[in-house]
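1. 3D model of this:
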Amino acid sequence: MMDVDKEQESSLPVLLVSRTENRVLSDREVVAEISGLVTTAGMQPVDTVVLRRFDPAPKFGMGTGKAEEIMHVAESCGAEAIVFEFEITPTQQRNWETLTGLTCFDRQEVIIRIFADRAMTREAVLQIELARLKYSLPRLAHTYSALSRQRGGRYGTRGGGETQLELDRRSILKKITRIQGELKEVRKDRSTQRKQRERVSVPSCAIVGYTNAGKSTLLNALTGADVLAEDKLFATLDPTTRRYDLPSGRKVLLTDTVGFVHDLPHTLIDAFRSTLEEASFATGVLIILDASDANIQLQYDTSLAVLEEIGARSRPELIVLNKADLLDEHTRARLPVEFPGSVLISARTGEGFDAFAQLLEALVSGSEQDYLLPLDRGDLVARLHREGTVSKVDYRDDGILIRAGTDGRIAALLREYEYHE
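-> Below you'll find the predicted structure:
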């Protein structure tokens with residue numbers, strides 16, 4: 001495996017190898033995402049090979065003839081590494097490097113490298129190190145061109161005839177156990193912070209979606225936050241929470257999260273689970289899509305798949321179609337039909353923010369309900385005005401009849417006062 005901590009080439013020339021059965025897509029469209037990934041990782045794509053007909057074989061993941069053809073393309077374009085858009089096994093990785101004499105790795109390793117470079121907080125550093133170790137464990141043999149037997153040792157250290165590979169495997173397993181323990185403590189702190197936010201009864205929304213869809217730009221535009229917002233993949237790894245004041249005066253907490261990507265490696269989903277799970281504890285979820293991307297449906301499907309995996313599909317959702325400033329009139333008319341109930345905005349220009357604010361208010365307010373409160377419970381009336389959306393108040397002889405939209409917490413508190421004519 002490439003050492004993601006030590007290798008720092010600024011522009012390593014690489015050959016991209018992808019595959020697809022979609023005859024409509026051009027080679028450029030097929031490799032667009034992997035090209036963006038390797039560029040973000042500090043490498044330079046110099047040529048591409050797109051496999052339109054794919055016959056899997058154990059040695060290289062494809063036939064030997066096709067593998068040799070790719071080797072010649074790499075030689076002719078001056079590539080110093082080959083990046084596969086699809087997963088290759090540790091054995092195939094070894095075979096490719098033996099055949100070509102070049103560094104060879106897959107998309108998952110590229111993503112891990114990007115995450116390692118972007119991690120800033122202690123939690124993110126621990127999470128990416130855990131993912132890197134889990135990924136490297138089955139690839140240990142890849143780092144040894146020859147293994148020599150070691151002398152026997154005492155019980156609890158090195159067993160008789162134990163190889164250096166086995167020693168390194170044991171070392172990685174110990175590191176994984178240690179990091180998991182440290183992450184457990186960090187996640188306790190995150191849980192405590194979340195509970196503190198819940199005590200103030202302010203609704204919250206998680207901003208989720210495909211990487212580079214404009215999530216951080218939207219958070220910055222709405223709240224004046226200073227979250228890093230670059231035209232790069234995975235610019236944000238650490239969740240950032242900021243307060244946003246709705247037009248009604250009601251407050252909502254918005255949390256920016258790590259971006260999704262098609263087939264996000266499970267090692268990373270597992271490692272960043274506590275970060276991603278912000279969405280499962282939120283009042284609602286804002287799914288941000290890049291409306292200018294031809295693969296917007298893939299973005300949406302990927303977002304739903306990750307939300308399903310982390311148990312956040314039960315949360316109310318609002319689809320936000322970002323980058324409206326880049327759309328032609330035909331696309332502006334088509335997308336709202338394809339994504340019913342969505343809102344079209346531009347985080348860069350502010351277009352659509354009024355409509356977005358109204359839909360966000362409805363999202364966190366929940367469905368309207370009538371409540372008949374005792375005349376001496378003015379505190380509940382005040383709380384509904386503060387935390388809900390009140391549309392009607394009628395002071396009657398038998399109590400205070402109030403119609404309001406509320407989120408789950410206050411709705412549960414007021415359940416005994418629900419009024420049905």
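2. where do the strands sit along the protein?
-> Using DSSP state E, the strands found in the chain span residues 12-19, 43-51, 81-84, 103-106, 204-209, 240-245, 251-256, 284-290, 317-322, 343-344, 368-373, 389-396, 399-405.
3. Would you mind finding the most buried of those strands?
-> Comparing the strands of the chain on average neighbours per residue, with mean count of other C-beta atoms under 10 Å, the densest one is strand 204-209 at a mean of 26. Every C-beta, even on glycine, is put in place using the N, C-alpha and C of the backbone.
4. partners of it, with directions?
-> strand 251-256 (parallel), strand 284-290 (parallel) (DSSP bridges).
5. related to what we said a few turns ago, turn the strands of the chain into TSV, columns for mean pLDDT.
-> Formatted as TSV, those follow (pLDDT from 0 to 100):
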stretch	mean pLDDT
strand 12-19	95
strand 43-51	95
strand 81-84	96
strand 103-106	92
strand 204-209	90
strand 240-245	87
strand 251-256	88
strand 284-290	94
strand 317-322	96
strand 343-344	96
strand 368-373	88
strand 389-396	86
strand 399-405	89
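6. could I get those strands as TSV with distance to residue 30?
-> Shown next, in TSV, are the strands of the chain (distance: least, C-beta to C-beta, whole Å):
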stretch	distance to residue 30
strand 12-19	5
strand 43-51	5
strand 81-84	13
strand 103-106	16
strand 204-209	22
strand 240-245	34
strand 251-256	30
strand 284-290	18
strand 317-322	24
strand 343-344	28
strand 368-373	48
strand 389-396	47
strand 399-405	46
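7. To residue 333, which of these lies closest?
-> strand 343-344 (10.1 Å; C-beta to C-beta).
8. in its sheet, what does the closest one sit against?
-> strand 317-322 (parallel).
9. State the phi and psi torsions of residue 310.
-> Torsion angles at residue 310 (phi, psi; degrees, to the nearest 10) stand at phi -100, psi 10.
10. show me the contacts for the nearest residue to it once chain neighbours are set aside.
-> Nearest non-adjacent residue to residue 310, counting by C-beta to C-beta, 6 or more residues apart in numbering: residue 276, 4.9 Å away. Counting by C-beta atoms under 8 Å, 6 or more residues apart in numbering, residue 276 touches 257, 258, 269, 306, 310, 312.
11. Give me the distance between residue 276 and residue 137.
-> Going from residue 276 to residue 137 by C-beta to C-beta, to the nearest Å gives 22 Å.
12. pLDDT score for residue 10?
-> pLDDT recorded at residue 10 is 54.
13. Where does pLDDT dip in this structure?
-> Residues of the chain that meet the criterion pLDDT under 70 lie in 1-10, 141-162, 190-191, 193-201, 225-239, 265-267, 270-275, 367, 407-409, 412.
14. How is it divided into domains?
-> The chain resolves into domains spanning 12-114, 119-184, 202-364, 368-417 when parsed by automatic domain parsing.
15. now the end-to-end length of the third one.
-> By that I understand domain 202-364. Start to finish, the residues bounding domain 202-364 are 10 Å apart (C-alpha to C-alpha, to the nearest Å).
16. and if you look at the shortest one?
-> Across its full length, domain 368-417 reaches 14 Å between end residues, using C-alpha to C-alpha.
17. The second one now?
-> Chord length of domain 119-184, first to last residue, is 18 Å (C-alpha to C-alpha).
18. about what we covered before: which one of the contacts of residue 276 is nearest residue 35?
-> Looking across the contacts of residue 276 and measuring by C-beta to C-beta, the closest to residue 35 is residue 258, at 20.9 Å.
19. what about the closest one, neighbour count?
-> Residue 258 is flanked by 26 other residues according to other C-beta atoms under 10 Å.
20. how much space is there between residue 279 and residue 405?
-> Taking C-beta to C-beta, one finds residue 279 at 21 Å from residue 405.
21. can you check residue 177 too?
-> 47 Å.
22. Just name whatever secondary elements the top helix by length along the chain is in contact with.
-> Ordering each helix of the chain by length in residues (DSSP state H) puts helix 164-199 first. Helices and strands touching helix 164-199, by 3 or more C-beta pairs under 8 Å, 6 or more residues apart in numbering; DSSP states H and E, are helix 122-136, helix 273-276.
23. Tell me which of those sits nearest to residue 355.
-> Using C-beta to C-beta, the nearest of the helices and strands packed on helix 164-199 to residue 355 is helix 273-276, at 27.8 Å.
24. CA atoms only: put stretch 295-308 into CSV for me.
-> What follows is stretch 295-308, C-alpha atoms only, in CSV (Å, rounded to 0.1, in the frame of the first residue of the first chain):
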residue,chain,number,x,y,z
ASN,A,295,-24.8,12.7,-12.5
ILE,A,296,-27.1,14.4,-10.0
GLN,A,297,-29.2,11.3,-9.7
LEU,A,298,-26.1,9.3,-8.7
GLN,A,299,-25.4,12.0,-6.0
TYR,A,300,-28.9,11.6,-4.7
ASP,A,301,-28.9,7.8,-4.7
THR,A,302,-25.5,7.8,-2.9
SER,A,303,-26.7,10.2,-0.3
LEU,A,304,-29.7,8.1,0.5
ALA,A,305,-27.6,4.9,0.6
VAL,A,306,-25.2,6.4,3.2
LEU,A,307,-28.1,7.9,5.2
GLU,A,308,-29.7,4.4,5.2
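25. Run a quick neighbour tally on residue 116.
-> 19.
26. pretty sure it is in contact with residue 130, am I right?
-> No - applying C-beta atoms under 8 Å, one finds residue 116 not in contact with residue 130, separated by 11.3 Å.
27. Switch the strands paired with strand 204-209 over to a markdown table; also include distance to residue 51.
-> Output for those, formatted as a markdown table (distance: least, C-beta to C-beta, whole Å):
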| stretch | distance to residue 51 |
| --- | --- |
| strand 251-256 | 37 |
| strand 284-290 | 27 |
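28. Residue 393: which of those is closest?
-> With C-beta to C-beta as the yardstick, what comes closest out of those is strand 251-256 (21.0 Å).
29. Convert that closest one to CSV, retaining C-alpha atoms only.
-> Output of strand 251-256 as CSV, limited to C-alpha atoms (Å, rounded to 0.1, in the frame of the first residue of the first chain):
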residue,chain,number,x,y,z
LYS,A,251,-33.3,29.6,15.7
VAL,A,252,-32.0,26.4,14.2
LEU,A,253,-28.6,24.7,14.4
LEU,A,254,-27.0,23.7,11.1
THR,A,255,-24.2,21.1,11.1
ASP,A,256,-21.9,20.7,8.1
